[in-house]
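Colleague: from the sequence below, what's the structure:
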Amino acid sequence: MVTDIQPAQQTQQVVQQRRGRTAPAGDSADARARVNRIARAWLLGTIIAAFGVAAFVRFYGTHFEHLATVDSMNVAQVARNVRAGRGFKTNVVYPLHTAIGRPDSSRHDIGVGPLYALGLSVFFKGRDPDDNGVALFNGILLFITAAFLYGLMKLAYGKSIAVWAVLAYFVSMKAISQALAGGGATIGALTVTAALYFALMAVTNAEREPTARAEDEEPSGLDRVKAFFNTPWPWAVLAAITIGLSYLTGMVGWLAIAGLVWLASRHGVRTRKSFAIVAIIAVIVTAPWLVRNVRHFDWPVSPLSRYSLIMLTGQFPAGSLMWETSGVPASPELWALSNPGEMVRKIGGGLAGLYGALPEIINPYLFAFLLVGVFVLAKERRQRLLWGMVWFILLAQALTVAIYDRDGDPVAVVTPVALGLAVATLISLMRRHLTTRRAFVGAGIAAAVIVAWPYTASLIGGGSPPESPSKPVLNLLGSLAPELRNGTVATDIPWQVAWYGGQRAILLPDTPEKLATVGQAGAPTDYIYLSRELAGPRVMRGREVWARMLVRGEGIGDLPLLTGYERFRPQQMPNGEALIFLAHAEPMVKAFEARVAQQTDASEAGAAASEDGGSN
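Modeller: The predicted structure follows:
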């Protein structure tokens, strides 16, 4: 019996010895393979990043000259105030705050998302605040968005489709133009893409089988960290935080945020509990800003945002509500409920205008694949959740734009993911129906041309846009003497004056009488600046009085002009613009004149002393 066991033991010992000798070799091979995979991944990532940087820098160098949107200049001047330690304050004064009895709150109604202004202010600490800084900051946000887009598309459809989605995003004219415009759509797209990625990671980890481990094996600290992030809740919490931040961009509406909260809670069995937890975390993130608004406006939302609900209606056409000084409803929400017909017409008109603009969020030729893909490509649960949420956000944002008088920028927050899904649909259909290599390559080339042609054509056309007609004059205002530069300007372009000139700027009401009312409420005007935009063939409604004053000089004599100072008479400035000093500016002008006289006397005394010295 003993003799039978010994050969078996010897055989087992030999096998273990051979395994011991071959195990290090196998581990070494696995390690080399792992290093090679990591090296290839880094190389591919570097090539894609270099392509993205080259595409953005090329377009930036040939097409960007200055900021061209109200939102970009508005957020830039707010960010400069934050950088200077003055807090979230704006230099733009709106007569609307006088109408609602809170003229002092105008400085706190920044009209932009605080997250964007805060991030831009941090970027301004490393360089002087200027137009190029705003564009470059948004370029950085564009690249961070691309990283989240890659991760999201890889989760849903694999590495190869993720790579093509990112490449298409880097040559997307919509994405690049939004970044250079600097209006806030880029940071909105970043937070939405990141929230989708984190939410889908939570869903993916919930569906993942737990990793088996030997009972006697003690996990290391790194293993514990990996195990923690292989569970859904860390990603759900990150999604909740990002959802809160998306609201603070000022670009994502409450309806879309509710959808994102719902998606981030789909990882567990008890979805109601998960929904409540995610919603509470998102609210905690936004709470400081909401409390700040309540402190300044007695409402969680600022007046500019609240009253945009009833703009573009029959009673308050265009942006006329912003320059009203009286006759404004105390509650825009109650007015909207009391005038359903007006609101239906407004929303209907807004949605009709967006109907033709929606395909432009990615590419008109690719938008059809976004429509088709939801029916042919949403097979797995996480894919169905992603497709459903992208379309929900798209429609929710379109409705938000129609309800609240906004431009189309909020809809563009889904541009990266929508573009990625359209590309995924295109590639999937090509793989399914093109059986020969020649057909696949030919269709791929045609698709690449369609995707990249708008970008390529813009480079072929080339040329920078003409400089803003008002910018030279605004720079001139900024270079005025300190006594004059501290004055308050009433103008039809207050955002440009606040950014380029650095002055406190009042949005011109439609009549001089309303401007006087604003002054009596605590914001008197030192001088009026009428831009060249008032001399155009089509003058905005409510600007007719000031347009006639600029073009024909009508009504200047009716203003409380500054008199007795020859150099401060109403004057025509470069490019046909006008600068009109009012009587309230007299102390400021006297201080300027006194300093000039003192400097003149000092220079004359110095010249006389020099002459006396020379004669001796």
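
Colleague: mind checking pLDDT for the residue nearest the centre of the chain?
Modeller: Geometric centre of the chain, nearest residue: residue 184, 1.7 Å, by C-alpha atoms, centre = their mean. Note on residue 184: pLDDT of 90.

Colleague: ok, for residue 330, nearest residue in space, not its chain neighbours?
Modeller: Nearest residue to residue 330 in three dimensions, chain neighbours excluded: residue 100, at 7.4 Å (C-beta to C-beta, 6 or more residues apart in numbering). Where you see a C-beta, it was placed from the backbone N, CA and C, and this is true even at glycine.

Colleague: what sits against that neighbour?
Modeller: Counting by C-beta atoms under 8 Å, 6 or more residues apart in numbering, residue 100 touches 303, 328, 330.

Colleague: can you redo the residues you listed as a markdown table with neighbour count and pLDDT?
Modeller: Compiled in a markdown table, those are given as follows (neighbours: other C-beta atoms under 10 Å; pLDDT from 0 to 100):
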| residue | neighbour count | pLDDT |
| --- | --- | --- |
| 303 | 26 | 92 |
| 328 | 20 | 91 |
| 330 | 8 | 90 |
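
Colleague: so which of those residues sit within strands?
Modeller: Secondary structure from DSSP state E places none of those in strands.

Colleague: closest to residue 93 among the residues you listed?
Modeller: Ranked by distance to residue 93 (C-beta to C-beta), the contacts of residue 100 are led by residue 303 at 12.5 Å.

Colleague: so who does the closest one touch?
Modeller: With C-beta under 8 Å, 6+ apart, residue 303 has these contacts: 96-97, 100, 102, 105, 109, 297.

Colleague: about what we covered before: mind listing what the residue nearest to the centre of the chain touches?
Modeller: 71-72, 75, 112-113, 116, 249-251, 409.

Colleague: go on, residue 586?
Modeller: Residue 586 touches residue 562, counting by C-beta under 8 Å, 6+ apart.

Colleague: then the one 3 residues further on?
Modeller: With contact set as C-beta under 8 Å, 6+ apart, residue 589 has these partners: 483-484, 562, 565, 568, 581.

Colleague: cool, and residue 447?
Modeller: 426, 430.

Colleague: that one and residue 422, how far apart?
Modeller: Residue 447 is 10 Å from residue 422, where distance means C-beta to C-beta, to the nearest Å.

Colleague: next: residue 414.
Modeller: 11 Å.

Colleague: which of these two has more neighbours?
Modeller: More crowded of residue 414 and residue 422, by other C-beta atoms under 10 Å: residue 414, with 29 against 24.

Colleague: tally of neighbours for residue 486?
Modeller: Neighbour count of residue 486, defined by other C-beta under 10 Å: 14.

Colleague: what does residue 53 give?
Modeller: Residues contacting residue 53 under the criterion other C-beta under 10 Å number 14.

Colleague: circling back to that earlier point, which of the contacts of residue 589 are buried?
Modeller: Among the contacts of residue 589, those classed as buried by 16 or more other C-beta atoms under 10 Å are 483-484, 562, 568, 581.

Colleague: excluding its backbone neighbours, what's nearest residue 512?
Modeller: residue 559 (6.0 Å).

Colleague: now swap in residue 284 and tell me
Modeller: Once flanking residues are discounted, residue 284 sits nearest to residue 244: 7.1 Å by C-beta to C-beta, 6+ apart.

Colleague: show the subsequent helix or strand relative to the helix or strand hosting the one you found.
Modeller: Take DSSP states H and E as the rule and residue 244 turns out to sit in helix 232-248. Going down the chain from helix 232-248, the next helix or strand is helix 254-264, by DSSP H and E.

Colleague: what's that following helix in contact with?
Modeller: Taking C-beta under 8 Å, 6+ apart as the rule, helix 254-264 contacts 192, 195-196, 198-200, 202-203, 236, 239-240, 243, 246-247, 274-275, 278-279, 282, 385, 389, 392-393, 396-397, 399-400, 413.

Colleague: so how far is residue 39 from residue 250?
Modeller: 42 Å.

Colleague: more neighbours, those two?
Modeller: Taking other C-beta under 10 Å, residue 250 and residue 39 do not tie; residue 250 has more neighbours (25 against 10).

Colleague: what sits against that one?
Modeller: Counted by C-beta under 8 Å, 6+ apart, residue 250 has contacts 112-116, 184, 188.

Colleague: what two of the residues you listed are the furthest from one another?
Modeller: Farthest pair in these (C-beta to C-beta) is 114 and 188. Separation: 13.0 Å.

Colleague: neighbour-wise, which of these two wins?
Modeller: residue 188 (31 against 21).

Colleague: low-scoring stretches of this protein, by residue?
Modeller: Scanning the chain for pLDDT under 70 picks out the ranges 1-27, 209-221, 268-270, 405-408, 455, 457-473, 574, 601, 603-616.

Colleague: and which of the contacts of residue 589 is nearest residue 474?
Modeller: Residue 474 has its nearest neighbour among the contacts of residue 589 in residue 484, at 14.2 Å by C-beta to C-beta.

Colleague: residue contacts, the closest residue to that closest one other than its chain neighbours?
Modeller: Residue nearest to residue 484 in three dimensions, not counting chain neighbours: residue 592, with 5.8 Å by C-beta to C-beta, 6+ apart. Going by C-beta under 8 Å, 6+ apart, residue 592 touches 481, 483-484.

Colleague: and those residues as a markdown table, adding secondary structure?
Modeller: As requested, the contacts of residue 592 are arranged in a markdown table below (DSSP: H, G, I helix; E, B strand; the rest coil):
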| residue | secondary structure |
| --- | --- |
| 481 | coil |
| 483 | helix |
| 484 | helix |
